[in-house]
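# Got a sequence here, can you build the structure:
(one chain, ligands or ions: 2)
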Amino acid sequence: MILQPSGDIEQQWQRVRALLHDEIGATAYGTWLKPLRLAECDGDRVVISVPTQFMRDWVVSNYADRIRGIWNQVNPAIRSIALNVKAQDGGAARGQRVVEPSGEPRDPARSDGVTPLVRRDDPPVATSRRDPVAPETVRPLDELSASLDPRFTFEAFVVGKPNEFAVAAAERIAESTTLPFNPLFLYGGVGLGKTHLMHAIGWRAKQLDPQRRVIYLSAEKFMYQFVRALRTKGTMEFKELFRSVDLLMVDDVQFISGKDSTQEEFFHTFNALVDRGRSIVISADRSPSDLAGLEERIRSRLGQGLVADIHPTTFELRLGILDAKAEQLGAEVRRDVIEFLADRITSNVRELEGALNRIVHQASLTSRPVTIEMAQEVLRDLLRSHERRVTIEEIQRMVVEHYAIRMSDMSSSRRARAVARPRQVAMYLAKQLTPRSLPEIGKKFGGRDHTTVMHAIRQIEKLSAEDRVLADDLAQLKRRLQN
Ligand code: ADP
Ligand code: MG
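Ligands and ions are numbered 1, 2, ... in the order given. Alright, predicted model coming up:
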């Protein structure tokens, strides 16, 4: 017997929605789950309708388990959830193309147009993306394109001041069907997220429209393909293939400079795509105007769309990235260790990530908790290469300036808190930032004993764990000393 959703079920549905909203966050909820409607309830089975086939596929791949799990908590009698495609409010969701499934119906056993989603005893639905496009139509492009790394999504990208503009531009080009600008030229130093953002654009574009033909490849691979095509006389095919693309992304174009025929081909492909209103995303480690070895007309053409640069990371962004990565690793890393890493590894995100991986890995191997000492030990080589030689005198000068005291206070025997605390801070920093021993440090502070230095270090360690202001002072001083 099929029932129209009764008050009870409807209430459960509202509860499930609220829980899903909390769990996956407002953005994803708004995009994917808000448009779902409760269609019917048949004993232990609930049917939910979705406005488009594309959305159905996405929801099945990504949220099915959670919907069933949550519903099962709310009402243990519900054992399976199914999704069907049903246009709502007189049509498909605006801005999204409806993609009909190709080939065989997904579940030939059923004739009611409803695809069973998850049954209790089903294996969990894979979270990989299912592409409803017929394989024959995508194969050649797939061969050309490097595959997209599933870790490189917008969701996994931490946004901060240094990259927010680039991210906004990237999201824009991934999501809009009309061209807001063309090309998007992303540039920035090594390891700051250019490749990650390009993959994210690819994923998002395919998510919104699985039939969009997306190619992502490195400039090197582009050249290789082209040279190979020349050899096998397949250049016409090569051209046609590239020119049938909806979104072309070429990574690290600084490598194209200098190779004349490839440049030429790249340029023609580029122009052909722009003329056809297709989107292009380019990345490089420098701005278009700094791309030496590239012909002037190509350079200026590349810079004609939107140029977005990714700036070096800030301390805050590094903290955010470390938090996110630690969570992904399922590791609990102490605050002071996170801050230590964010403070010391400033070069790029790749190194930062690598450092975190190393210490988390080490901690799990040795079943020891992650501490600053352990991080220092495990990352010795990396940290050394980052260290700028700082002298005790520099530290003293910086501390004196920071606390507005006198240089003589560093070596005096005055014990007033207003000078004693900064003196301890300076000793602590001397231990942290220089290779000097405790007696050597003591000598520079008016000939103090090494136990006094030891005490100062302990004191500052203890206090800074509780005192936010002191912790900030330390972080700031360190940063200034090391830059
Ligand atoms: P690039 O291509 O600019 O050299 P990548 O995109 O390869 O840099 O980034 C290097 C690593 O750092 C990747 O693992 C990437 O996921 C990570 N990464 C860079 N920026 C961020 C960010 N803002 N949030 C999360 N991860 C990031
Ligand atoms: Mg890269």
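# what's the closest residue to ligand 1 within the stretch 201-350 of the chain sitting at in phi/psi?
When scored by Cβ to the nearest ligand atom, the stretch 201-350 of the chain has Val349 as its residue closest to ligand 1, at 3.5 Å. C-beta coordinates here come from the backbone N, C-alpha and C atoms, glycine included. When read as degrees, to the nearest 10, the backbone of Val349 gives phi -70, psi -30.
# Please apply the same query to Gly277.
phi 70, psi 30.
# Please verify my assumption that it contacts Leu179.
Yes - contact criterion Cβ atoms under 8 Å: Gly277 and Leu179 qualify, at 6.1 Å.
# What residues does the stretch 51-200 of the chain have near ligand 2?
With Cβ under 5 Å from the ion as the criterion, the stretch 51-200 of the chain comes near ligand 2 at residues Lys194, Thr195.
# near ligand 1, which residues of the stretch 301-450 of the chain?
Counting by Cβ under 6 Å from any ligand atom, the stretch 301-450 of the chain comes close to ligand 1 at Ile321, Val349, Arg350, Glu353.
# Report the contact partners of the closest residue to the third one other than its chain neighbours.
Among residues not flanking Arg350 along the chain, Gly191 sits closest, at 3.5 Å (Cβ to Cβ, 6 or more residues apart in numbering). Residues counted as contacts of Gly191 (Cβ atoms under 8 Å, 6 or more residues apart in numbering) are Ser347, Asn348, Val349, Arg350, Glu351.
# pLDDT-wise, what's the bottom of those residues?
The member of the contacts of Gly191 with the lowest pLDDT is Ser347, at 80.
# List the buried residues of stretch 276-296.
Buried residues in stretch 276-296, defined by neighbour count with 16 or more other Cβ atoms under 10 Å: Arg278, Ser279, Ile280, Val281, Ile282, Ser283, Ala284, Asp285, Pro288, Leu291, Leu294.
# strands paired with the strand or helix carrying the fourth one, and their directions?
With secondary structure defined by DSSP states H and E, Val281 is part of strand 279-284. If you go by DSSP bridges, strand 279-284 pairs up with strand 184-188 (parallel), strand 247-251 (parallel).
# how about the strands in the stretch 251-400 of the chain?
Counting by DSSP state E, counting those that start in this stretch, the segments of the stretch 251-400 of the chain that form strands are 279-284, 306-310.
# mind giving me CSV with these and columns for distance to Ser413 and mean pLDDT?
Shown next, in CSV, are the strands of the stretch 251-400 of the chain (distance: least, Cβ to Cβ, whole Å; pLDDT from 0 to 100):
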stretch, distance to Ser413, mean pLDDT
strand 279-284, 59, 94
strand 306-310, 51, 91
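# Present the ones you listed as TSV; the columns should include distance to ligand 2.
TSV is the format used below for the strands of the stretch 251-400 of the chain (distance: least, Cβ to the ion, whole Å):
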stretch	distance to ligand 2
strand 279-284	7
strand 306-310	11
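# now those in a markdown table, with distance to Ala272?
Below are the strands of the stretch 251-400 of the chain laid out as a markdown table (distance: least, Cβ to Cβ, whole Å):
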| stretch | distance to Ala272 |
| --- | --- |
| strand 279-284 | 11 |
| strand 306-310 | 20 |
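# Indicate which one of those is closest to Met398.
Nearest to Met398, of all the strands of the stretch 251-400 of the chain, is strand 306-310, at 30.1 Å by Cβ to Cβ.
# For the stretch 51-200 of the chain, which residues are neighbours of ligand 1?
Close to ligand 1, as judged by Cβ under 6 Å from any ligand atom, the stretch 51-200 of the chain has residues Phe152, Phe157, Val158, Asn163, Gly188, Val190, Gly191, Leu192, Gly193, Lys194, Thr195, His196.
# Wait, the fifth one touches Asp309, no?
The one in question is Gly188. Yes - using Cβ under 8 Å, Gly188 makes contact with Asp309 at a distance of 5.5 Å.
# Now the common contact residues for these two.
Common neighbours of Gly188 and Asp309 (Cβ under 8 Å, 6+ apart) are Ala166.
# ok, the residue of the chain found nearest ligand 2 - contacts?
Residue nearest to ligand 2 within the chain: Thr195 (3.2 Å; Cβ to the ion). Going by Cβ under 8 Å, 6+ apart, Thr195 touches Phe152, Asp251, Ser283.
# Redo these as TSV? Include distance to Val400.
Converted to TSV, those look like this (distance: Cβ to Cβ, whole Å):
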residue	distance to Val400
Phe152	46
Asp251	48
Ser283	45
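# pLDDT weak spots in the stretch 151-300 of the chain?
Scanning the stretch 151-300 of the chain for pLDDT under 70 picks out 230, 233-235, 257-259.
# Could you pull up phi and psi at Arg415?
The phi/psi pair for Arg415 (degrees, to the nearest 10) is phi -110, psi 0.
# quick one on the thing from earlier: between Gly188 and Asp309, which is the more surrounded one?
Gly188 (23 against 17; other Cβ atoms under 10 Å).
# residues in contact with the closest residue to the more buried one other than its chain neighbours?
Nearest non-adjacent residue to Gly188, counting by Cβ to Cβ, 6+ apart: Ile310, 3.2 Å away. Neighbouring residues of Ile310 by Cβ under 8 Å, 6+ apart: Pro162, Asn163, Ala166, Leu186, Tyr187, Gly188, Gly189, Leu192, Gly193, Lys194, Leu197.
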